[in-house]
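Engineer: Curious how this folds, go ahead:
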Amino acid sequence: MAHSEQPDMSSPAHLSSKAVERVFHQKGFVSIENFLSDKMLEDMQCQVRRFINQILPSLPAEHVFCETHDDRSTLKQIQHLEQHDPWFGRLMEQGPFRQLAERLLHGPVQARNMQYFNKPPEVGLATPPHQDGYYFMIKPCEAVTMWLALDHVDEENGCVRYLPFSHQGGLRQHGRTTTLGFSQGITGYPSSEERERELAICAKPGDLLAHHALTIHRAERNRSPHRQRRALGLIFYAQTVDVDEVAHRAYQVKLKDELVRSRRI
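Structural biologist: Next comes the predicted model:
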């Protein structure tokens, strides 16, 4: 089926809902059902397939992560789709995701990264508990991450698990992990009380999760023998934040060197 050359820039009805903003700021995250229309979701699925088939082979190694090195059947993460393809660039800069980010952050935003995520069947590993703000290196820590489901996602294939209200407690201590694509995780998490309060958020294709950069979240591995767990992630910073670009670039260079030396990319 032919795909649209231009992404649909129409605004979902959810963008006018004050309830979405209220839940986001109260709990640190919000789940929005049917964020994309059926037509826009169909276009998105076609564009993701096109990107993987046509664009992926030419990407730099540090933008592509596989669970098994050089085995594209275990593809788990792609960084910066918006930098490598104009369709995704237009969607990031002008589409409904940016409009939602401006509502949630109460003003203009910087579009920072559009990512593809997957947990391939049986080999998709767990995502360590973390706060996105630890990676961002921004002050103040005012940013939103969006997670758009491309498959049916539940506890079996690794849905996102949030700790409600955790965005109110500031950044927690993080330490290095061995998880490719998630080099930092919260140390000593979760306590028994935190595990009891966690919420596993199931989603269907076209549903959107949005969380504050300080909200603690994680995901289990994909235990399904055949189901993918594909999603798009989009990151927006408030326009007014101060980004430590020097420190951020230095960390990325160091991380790339470690991954290359360990033959993980």
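Engineer: List the contacts of Pro108.
Structural biologist: Contact analysis of Pro108 by Cβ atoms under 8 Å, 6 or more residues apart in numbering lists Glu102, Ala238, Gln239. No exception for glycine: its C-beta is placed from N, CA and C like everyone else's.
Engineer: Helices along the stretch 151-265 of the chain, start to end?
Structural biologist: Applying DSSP state H, counting those that start in this stretch to the stretch 151-265 of the chain gives helices spanning 192-197, 245-261.
Engineer: Actually, the stretch 1-150 of the chain.
Structural biologist: Using DSSP H, counting those that start in this stretch, the helices of the stretch 1-150 of the chain run over residues 18-27, 38-50, 81-84, 86-94, 96-104, 132-136.
Engineer: Tell me which of the ones you listed sits nearest to Asn157.
Structural biologist: helix 38-50 (17.2 Å; Cβ to Cβ).
Engineer: List the buried residues for that closest one?
Structural biologist: Within helix 38-50, the residues that count as buried by 16 or more other Cβ atoms under 10 Å are Met40, Leu41, Glu42, Asp43, Met44, Gln45, Gln47, Val48.
Engineer: what does the model give the second one for pLDDT?
Structural biologist: It refers to Leu41. In this model, Leu41 is scored at 95, pLDDT.
Engineer: distance of the nearest residue to it once chain neighbours are set aside from Asp43?
Structural biologist: Leaving aside its chain neighbours, Leu41 sits nearest to Gly206 (4.4 Å; criterion: Cβ to Cβ, 6 or more residues apart in numbering). In this view, Gly206 and Asp43 are 11 Å apart by Cβ to Cβ, to the nearest Å.
Engineer: hang on, Leu171 packs against Asp132?
Structural biologist: No. With contacts counted by Cβ atoms under 8 Å, Leu171 stays clear of Asp132, the gap being 10.3 Å.
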